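Asks: Sequence and predicted model, in that order:
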Amino acid sequence: MALSPTLWRTCRVLSGGTRLALLRRVIKHPGLSVSELAAAEKIDLARASQELRRLQARGIVGVEREGRRVRYFPEPDPLVASAKPLLRALQEACAKYPPAGDEQTARIAHGLAHERRIAVVRALQEEPRPFLALQGAVQIPGQTLWHHLRLLAAGGWVEQDGRTWKLAANDHPLAKCLLKLL
C-alpha cells in the first residue's frame, strides 16, 4: 500500500531553511552521515538528526544504517507517490539556484503549507476570481482568506489583477511540480 503524506504537511517541512540546507547537502554529497551534515551546517547533532528525520518521513530522502552511523541519500521513498517528482524538482532547484535561492524555495513551499491555501490555489486553477467569488468557492471567512492570500502572494502563487485574484506565473521547479501534484 502506498503511503500518502499530505501535500500541505510536506510543504511545511520543505519551508524550513535548515531542512532545505541539509537537503541541498544530501543532494550534492550523497552518503554523508548525520554528524558530517551537522558539522557542515554548524548545527548540533540532535537538531540535524531531527530535521533529517522530518525529510525522511515525507519520503524525500533515504537512509542507510551502518551500525550506529546513519547516512542520508537523495532517494525518494517508493511508497510515497509525491516523493519522486518532489525530489526531482528540488534537485533541479538546487542545480539552478545557489544556496541563497533556498529562501525562495522555502517561500514557495510555505505558500502551500496549509490545506486552506491549497484549496485557494485549486480554485484559482479553475479560473481567476474576484475576492467574494473566491471566498464562496473555498468557504473561508473573509479575514482568514486575506491572510492566506497574502501568504500565497509572498510565495509567488497568486497575484491580484484589479479586483480579480489569479495564479501567478512561476517557473521555479518546485512550484511547477506542486501545481502538477494538486
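Replies: That came through fine.

Asks: tell me which residues of stretch 48-58 are tucked away?
Replies: By 16 or more other Cβ atoms under 10 Å, the buried positions in stretch 48-58 come out as 48, 49, 51, 52, 54, 55, 56, 57, 58. Glycine gets a C-beta too; all of them are placed from N, C-alpha and C.

Asks: my read: the fifth one touches residue 19, true?
Replies: Yes. With the criterion set as Cβ atoms under 8 Å, residue 54 and residue 19 qualify as a contacting pair; they are 6.3 Å apart.

Asks: In a markdown table, list the buried residues of stretch 48-58 along with secondary structure.
Replies: Formatted as a markdown table, these follow (DSSP: H, G, I helix; E, B strand; the rest coil):
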| residue | secondary structure |
| --- | --- |
| 48 | helix |
| 49 | helix |
| 51 | helix |
| 52 | helix |
| 54 | helix |
| 55 | helix |
| 56 | helix |
| 57 | helix |
| 58 | coil |
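
Asks: what would the residues you listed look like in CSV with distance to residue 72?
Replies: CSV is the format used below for these (distance: Cβ to Cβ, whole Å):
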residue, distance to residue 72
48, 10
49, 10
51, 11
52, 6
54, 12
55, 8
56, 8
57, 13
58, 13
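
Asks: Output stretch 34-46 in CSV with nothing but the alpha carbons.
Replies: Only the C-alpha atoms of stretch 34-46 are listed here, as CSV (Å, rounded to 0.1, in the frame of the first residue of the first chain):
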residue,chain,number,x,y,z
VAL,A,34,24.3,12.9,10.4
SER,A,35,27.4,14.1,12.2
GLU,A,36,29.0,15.2,8.9
LEU,A,37,25.8,17.1,7.9
ALA,A,38,25.5,18.7,11.3
ALA,A,39,29.1,19.9,11.2
ALA,A,40,28.8,21.2,7.6
GLU,A,41,25.7,23.2,8.6
LYS,A,42,27.1,24.2,12.0
ILE,A,43,24.1,22.9,13.9
ASP,A,44,24.1,20.4,16.8
LEU,A,45,23.8,16.7,16.1
ALA,A,46,20.3,16.3,17.7
